[in-house]
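> Need the 3D shape of this:
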Amino acid sequence: MANAKALKMHEADNVAVCTADVAPGDAVTVIDPEKRTVELASLSAISFGNKIALADLAAGDEVVKYGETIGKATRSIARGALVNHTNIASQPRAYADEYLLRRP
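Sure thing, here's the model as predicted:
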């Protein structure tokens, strides 16, 4: 995986996590959990640890990372663009309802 520039963490994800700084126009190799790769062109400067869109997203579309909805797009996000707090809104969750162990 030394050549990877981004990791898709779950099959359902529509974003990947960059494993190195990416410049606009860079070819980004994305590796999924099955070790398949896809290449896309970066539209943005994306720093290590930030998200890159794997598909075009419309305003209101769910943003999925680790197979979970982490927010909704607040505006259109093109494939290859940076995905962060400037273009997604976090979605509140009822975490207490998801706990495996609950005290009475």
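
> Just give me the neighbour total for A94.
7 (other Cβ atoms under 10 Å). Any C-beta I mention is one placed from the backbone N, CA and C, and that applies to glycine too.

> Please renumber the chain so that the first residue is 711 from this point on.
Okay, using 711 as the starting number, the last item reads as A804.

> hey, where'd the helices end up in this structure?
Counting by DSSP state H, the chain has helices at residues 805-808.

> For the most centrally placed residue in the chain, which residues are in contact?
Among the residues of the chain, the one closest to the centroid is V725, at 2.3 Å (Cα atoms, centre = their mean). Counting by Cβ atoms under 8 Å, 6 or more residues apart in numbering, V725 makes contact with K761, I762, A763, L764, V773, V774, K775, V793.

> what are the bridge partners for it, then?
Beta-bridge pairing for V725 (DSSP bridges): A763.

> Quick check: pLDDT value at the residue lying closest to H720 once chain neighbours are set aside.
The shortest distance from H720 to any non-neighbouring residue, by Cβ to Cβ, 6 or more residues apart in numbering, is to G777 (3.5 Å). Per-residue confidence (pLDDT) for G777: 94.
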